[in-house]
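**Student:** Here is a sequence with its predicted model. Questions after.
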Amino acid sequence: MEAKYAKVLSLIFILLILLEVIWSWFKHKKNYNLKDTLSNFFIIVVGRLLKPVSLAWGMFLFQWVEPYKIFTIPKTGYTFLITFLIVELVYYWYHRLSHEIPVLWAIHHTHHSSMWFNLSAAGRLNWLGKFTSVLFYIPLVLLGFSPQFIVGSLAISLIYQFLLHTETIGKLGILEGIFFNTPSAHRVHHGSNPEYLDKNYGGMLIIWDRVFGTYIPEVEQVKYGVTTGFIGHNPFMIIFKPLLDYIKQLGKRTSHLSIWILVFVGIGVGACSQPEPEPTGISEAEAAEIVATSLAYNTYGMASSVYAVSHEIDSGVNCNEQWSDSGTAHYTSIYGHVTSEYTYDEDYAKICGDYEMVHYQVKASQTIDAVYFSSYQDVDAFFTVTGMEDSLTIEYYSGAYSYTGERFSKSSGQTLKVSYQMQFSDLQIDKSTYYITGGQSGFDIKVDSDISESYSGMVVFINDKEAQISFSNGNTYLLNLETGMISVL
């Protein structure tokens with residue numbers, strides 16, 4: 001019978017997700033990303049396969065401690081309501097501690113790592129969490145509460161919480177922040193906005209947030225994700241990378257005492273925003289991540305400029321004519337989570353011959369507002385666009401590009417000031433996609449943190465999805481231009 005109900009609920013959940021996808025498409029909300037959704041479903045399926053084991057583990061623990069219970073609480077309708085309220089209180093503190101204790105945050109990070117907020121993200125839960133969360137409810141069994149009532153209360157709460165992960169439902173007026181949790185309140189909980197961090201922990205009820213002062217209403221638009229950066233779409237990275245990073249952090253501690261304090265007493269650090277590390281510089285791998293981020297967020301902007309210039313050529317401008325333009329432009333890129341503003345002065349010169357080409361030069365200031373960083377940089381660029389549609393043998397635009405600037409970035413919990421120069425040459429931009437498919441760039445970056453360090457090297461574009469970052473000492477990394485993720489070669 002329970003298996004039958006589980007199948008019915010699963011079908012209902014899938015139907016609701018499909019309806020939300022249709023709604024998102026019609027409303028142009030863009031709150032679904034195919035790769036992210038597929039990752040969520042993979043995590044959900046594996047979680048479902050593990051569920052019989054995790055349930056058996058939970059019931060084993062409850063039955064093991066039940067003989068030692070202090071009281072015997074009868075099983076009635078009234079005691080079920082009391083059990084539900086107490087279970088919600090325990091859930092509140094389990095959830096809150098999962099944000100405040102680093103080792104628990106390393107597990108809970110999975111649920112918050114998506115930059116898209118939708119019903120499929122409700123099931124984006126770390127597999128290990130299914131075995132650790134039950135430990136928080138053992139004291140209730142020792143007090144005499146029914147294990148069946150505890151499990152039933154959790155089931156009701158989790159079903160309700162599935163419905164909270166949506167943007168299809170707006171604010172509910174006077175119902176907000178009173179008794180029940182709402183989609184608006186839970187959107188706040190998933191926000192990486194500074195004012196939204198570590199708020200609205202409630203499960204089905206929001207009253208415990210009111211009691212303990214962690215409730216905040218939705219005011220500003222929510223920026224989803226975590227403050228330490230996008231982790232990618234690989235489900236195994238989503239599940240295990242935060243835990244591996246946590247273990248590496250432990251490895252930096254030389255004292256066994258400090259390790260135990262970090263694991264069990266690290267309360268109140270606000271794990272969503274990550275604990276502050278001991279003063280250090282940055283590693284070469286972290287420098288590679290800075291270069292990767294710069295490339296992933298800026299090469300698309302350069303390709304957009306090439307796209308604009310190519311349209312100028314197609315617009316019928318006379319040969320050898322020079323013209324200029326200036327103004328302010330706004331762009332949204334990288335899954336809609338990065339917005340840029342350019343104030344620019346441009347100079348063009350159209351050259352005719354065997355095929356048409358344009359010399360293009362721009363001086364501009366650029367402000368980037370992203371989920372994880374904001375920056376201001378001055379752009380001084382020059383590139384030549386060749387290979388137009390009437391030259392059928394050439395399938396790409398080519399040119400060169402350079403920029404200098406600085407931005408602030410978070411790495412290992414530090415706020416870093418990054419100054420960089422990059423010079424692109426021999427670039428090839430596909431005429432149909434406007435993605436970079438070839439070329440290279442030298443880079444020089446200086447990072448000012450607790451210790452200032454400098455790095456230099458070369459980036460080679462392998463294709464429109466991958467680039468290789470080589471440092472001057474010979475170490476190399478592979479960069480995924482779609483996600484910004486790197487791996488050591």
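**Tutor:** Received, thanks.

**Student:** from here on, contacts and neighbour counts on C-alpha atoms
**Tutor:** OK.

**Student:** May I ask you to confirm that residue 235 is in contact with residue 42?
**Tutor:** Yes: using Cα atoms under 8 Å, residue 235 is in contact with residue 42, at 7.1 Å.

**Student:** and these two? which has more neighbours close in?
**Tutor:** residue 235 (20 against 17; other Cα atoms under 10 Å).

**Student:** excluding its backbone neighbours, what's nearest the more buried one?
**Tutor:** Nearest non-adjacent residue to residue 235, counting by Cα to Cα, 6 or more residues apart in numbering: residue 39, 5.4 Å away.

**Student:** residues of stretch 17-37 that come out buried?
**Tutor:** Residues of stretch 17-37 classed as buried: 17, 20-21, 24, 31-33, 36-37 (neighbour count, 16 or more other Cα atoms under 10 Å).

**Student:** Strands along this protein, start to end?
**Tutor:** Along the chain, the stretches classed as strands by DSSP state E are 322-333, 338-351, 357-370, 374-386, 396-411, 414-430, 436-448, 453-461, 466-471, 476-480, 486-488.

**Student:** average pLDDT for stretch 131-138?
**Tutor:** Stretch 131-138 carries an average pLDDT of 94.

**Student:** ugh, wrong one, I meant stretch 34-42
**Tutor:** Mean pLDDT, computed over stretch 34-42, is 90.

**Student:** Restricting to C-alpha, output that stretch in PDB.
**Tutor:** Coordinates of each C-alpha in stretch 34-42 appear next as PDB, following Å, rounded to 0.1, in the frame of the first residue of the first chain:
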ATOM      1  CA  LEU A  34      18.100  21.600 -19.100                       C
ATOM      2  CA  LYS A  35      21.500  20.500 -17.700                       C
ATOM      3  CA  ASP A  36      20.600  21.600 -14.200                       C
ATOM      4  CA  THR A  37      17.300  19.800 -14.400                       C
ATOM      5  CA  LEU A  38      18.800  16.600 -15.600                       C
ATOM      6  CA  SER A  39      21.300  16.800 -12.700                       C
ATOM      7  CA  ASN A  40      18.500  17.200 -10.300                       C
ATOM      8  CA  PHE A  41      16.600  14.200 -11.700                       C
ATOM      9  CA  PHE A  42      19.800  12.100 -11.500                       C
END
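
**Student:** Check what contacts that stretch and list those residues.
**Tutor:** Outside stretch 34-42, the residues within contact range by Cα atoms under 8 Å, 6 or more residues apart in numbering are 114, 116, 120-121, 123-124, 233-235.

**Student:** Now do the contacts for the closest residue in space to residue 109 that isn't next to it in sequence.
**Tutor:** Leaving aside its chain neighbours, residue 109 sits nearest to residue 242 (6.9 Å; criterion: Cα to Cα, 6+ apart). By Cα under 8 Å, 6+ apart, residue 242 lies in contact with 106-107, 109-110.

**Student:** shaky segments in this structure?
**Tutor:** Within the chain, the stretches with pLDDT under 70 are 1-6, 228-230, 249-422, 424, 431-435, 447-453, 481-486.

**Student:** For it, just list every one of the helices.
**Tutor:** Secondary structure of the chain by DSSP state H: the helices cover 2-27, 34-65, 77-100, 102-112, 129-132, 138-143, 147-162, 183-189, 207-212, 235-251, 256-264, 284-314.

**Student:** Just put the ones you listed in TSV and tack on distance to residue 458.
**Tutor:** Below are the helices of the chain laid out as TSV (distance: least, Cα to Cα, whole Å):
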stretch	distance to residue 458
helix 2-27	41
helix 34-65	30
helix 77-100	39
helix 102-112	33
helix 129-132	42
helix 138-143	56
helix 147-162	46
helix 183-189	41
helix 207-212	51
helix 235-251	27
helix 256-264	39
helix 284-314	10
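
**Student:** show me what contacts residue 104?
**Tutor:** Residue 104 makes contacts with 97-98, as judged by Cα under 8 Å, 6+ apart.

**Student:** repeat that with 6 Å
**Tutor:** Listed by Cα atoms under 6 Å, 6 or more residues apart in numbering, the contact partners of residue 104 are residue 98.

**Student:** Could you give the number of residues near residue 183?
**Tutor:** Neighbours of residue 183 (other Cα under 10 Å): 22.

**Student:** just residue 40 next, same as before
**Tutor:** Residues contacting residue 40 under the criterion other Cα under 10 Å number 24.

**Student:** Then the one 4 residues further on?
**Tutor:** Applying other Cα under 10 Å, we find 20 residues neighbouring residue 44.

**Student:** Test my guess that it contacts residue 123.
**Tutor:** Yes: using Cα atoms under 6 Å, residue 44 makes contact with residue 123 at a distance of 5.5 Å.

**Student:** so what's the nearest residue to residue 427 once chain neighbours are set aside up against?
**Tutor:** Nearest non-adjacent residue to residue 427, counting by Cα to Cα, 6+ apart: residue 439, 4.1 Å away. Neighbour list for residue 439: 425-427, 461 [criterion: Cα under 6 Å, 6+ apart].

**Student:** Show me what residue 439 bridges to in the sheet.
**Tutor:** Counting by DSSP bridges, residue 439 is bridged to residue 461.

**Student:** so how far is residue 465 from it?
**Tutor:** 13 Å (Cα to Cα, to the nearest Å).

**Student:** Equivalent analysis for residue 144, please.
**Tutor:** For residue 144, the distance to residue 465 - Cα to Cα - is 58 Å.

**Student:** And for residue 111?
**Tutor:** Residue 111 sits 27 Å away from residue 465, going by Cα to Cα.

**Student:** Looking at the two, which has the bigger crowd around it?
**Tutor:** residue 111 (20 against 16).

**Student:** Now do the contacts for that one.
**Tutor:** Per Cα under 6 Å, 6+ apart, neighbours of residue 111: 124-125.

**Student:** Tell me who's in contact with residue 202.
**Tutor:** residue 92.

**Student:** repeat for residue 54
**Tutor:** Residues near residue 54 by Cα under 6 Å, 6+ apart: 130-131.

**Student:** how about the contacts of residue 439 in a markdown table, adding neighbour count?
**Tutor:** Shown next, in a markdown table, are the contacts of residue 439 (neighbours: other Cα atoms under 10 Å):
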| residue | neighbour count |
| --- | --- |
| 425 | 18 |
| 426 | 14 |
| 427 | 23 |
| 461 | 20 |
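
**Student:** which one of those is nearest residue 137?
**Tutor:** Using Cα to Cα, residue 461 is the member of the contacts of residue 439 that lies nearest residue 137, at 52.4 Å.

**Student:** residues in contact with residue 489?
**Tutor:** Shown in contact with residue 489 (Cα under 6 Å, 6+ apart): 476-477.

**Student:** distance of residue 426 from residue 67?
**Tutor:** Per Cα to Cα, residue 426 is found 75 Å from residue 67.

**Student:** now swap in residue 110 and tell me
**Tutor:** 35 Å.
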